[in-house]
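1. Here's my sequence, what's the structure:
(one chain, ligands or ions: 2)
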Amino acid sequence: MTAVGALFGDETLPRPAQEVAPGCHWVPGWLDAGQQAWVVRQYRRWAAGPVPAHRPAVRGGRMSVTMVPFGWVWTSAGYARTGEQDAAPLPVPDWMVRLYRRAVVATGFDGWAEAAPDVALVNHYRPDASMGMHRDADELTEAPVVSLSVGDACTFRFGSTETRTRPWTDIRLESGDLVVFGGPARRAFHGVPRIHPGTAGPQVAAAQAEAELPGRLNITLRVTGLQR
Ligand SMILES: O=C(O)CCC(=O)C(=O)O
Ligand SMILES: [Fe+2]
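-> Ligands and ions are numbered 1, 2, ... in the order given. Prediction:
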């Protein structure tokens, strides 16, 4: 691109917060670059365990996404207290609890301002990974789902509560973006059809290189409503 093209390129346009579908809120650039880089640098430690990063088994094989759980272990049969080797995950860290509360308030779900998310799933998408259309339906509460993106951008697909097929809306989530879905969107189908490799900004890209962690991280915070 010419210098003037870069100067006025699409990436320089502000990205205002939007409601992607009723109850699905997108807040671009919610985490700053320092926070994003810190998350990237922590990942290897989280991935070491007590429940190590793993690709959950699903019908027909394994997910392409690698998952590190806090609080509860997600399985395709529902939440479990322990993973393989009977190890229990660490509790959801306080900083994630605080982020959950700020995120729900920032997106108008004030009724959940004191909620305590008891499960955090850190998903790592290698550049060729994806996540099929699904609903987050293993929780017993209607507390909104809070989702943070770090690293490479992705296409995030948000559909309806009725069908995993069209109509849907595709948005491009960049590093630092927040998505909160609750209320009428809480049980809507959504997925990540693709990652856009090498699209993180310079500070996050440097952390990715240092950590040898290309791709995208997604942290999803939820309230299960399950008793421990
Ligand atoms: O990676 C994302 O943005 C979505 C992740 C997701 O839908 C999930 O973990 O249930
Ligand atoms: Fe999901």
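
2. For the chain, give the residue positioned nearest to ligand 1.
-> Here the chain gets closest to ligand 1 at one residue, N218, 3.3 Å apart by C-beta to the nearest ligand atom. All C-beta atoms are positioned from the backbone trio N, CA, C, and that covers glycine.

3. So which other helices or strands are in contact with the helix or strand in which that residue is found?
-> Per DSSP states H and E, N218 falls inside strand 216-222. Counting contacts by 3 or more C-beta pairs under 8 Å, 6 or more residues apart in numbering; DSSP states H and E, strand 216-222 packs against helix 33-47, helix 94-106, strand 119-125, strand 145-151, strand 153-158.

4. To G60, which of these lies closest?
-> Set against G60 and scored by C-beta to C-beta, the helices and strands packed on strand 216-222 come closest in strand 119-125, at 18.7 Å.

5. Flag the shaky bits of this protein, pLDDT-wise.
-> Low-confidence segments of the chain, defined by pLDDT under 70: 1-2.

6. change it to 50
-> Along the chain, no part satisfies pLDDT under 50.

7. need the residues of it near ligand 1, please.
-> Neighbours of ligand 1 within the chain, by C-beta under 6 Å from any ligand atom: L121, N123, M131, D136, S147, F156, H190, V192, N218, T220.

8. Tell me which two in those residues are the farthest apart.
-> Pairwise distances across the residues of the chain next to ligand 1 peak at 15.6 Å for L121 and F156 (criterion: C-beta to C-beta).

9. For the two, indicate the residue with more neighbours.
-> F156 (25 against 22; other C-beta atoms under 10 Å).

10. Let me see the contact set for that one.
-> D170, I171, R172, L173, V179, H190, G191, V192 (C-beta atoms under 8 Å, 6 or more residues apart in numbering).

11. In strands, which of those residues appear?
-> Counting by DSSP state E, the contacts of F156 place D170, I171, R172, L173, V179, H190, G191, V192 in strands.

12. Now do the contacts for the fifth one.
-> What that stands for is V179. V179 makes contacts with V20, C24, H25, W26, V27, V146, S147, S149, F156, L173, as judged by C-beta under 8 Å, 6+ apart.

13. circling back: describe which strands the strand holding N218 pairs with in its sheet and in which direction.
-> Its sheet considered, strand 216-222 pairs with strand 119-125 (antiparallel), strand 145-151 (antiparallel) by DSSP bridges.

14. What is the burial count for the residue nearest to P197 when sequence neighbours are not counted?
-> Nearest non-adjacent residue to P197, counting by C-beta to C-beta, 6 or more residues apart in numbering: P127, 3.9 Å away. Using other C-beta under 10 Å, P127 has 14 other residues around it.

15. didn't P127 look like it was pressed against G151?
-> No: P127 lies out of contact with G151 (C-beta atoms under 8 Å); the separation is 10.0 Å.

16. joint contacts of the two?
-> Common neighbours of P127 and G151 (C-beta under 8 Å, 6+ apart) are P214, G215.

17. need the contact list for the residue positioned nearest the centre of the chain.
-> Centroid-nearest residue in the chain: N218, 3.2 Å away (criterion: C-alpha atoms, centre = their mean). In this structure, N218 makes contact with V122, N123, Y125, S147, L148, S149, V150, C154, V192, judged by C-beta under 8 Å, 6+ apart.
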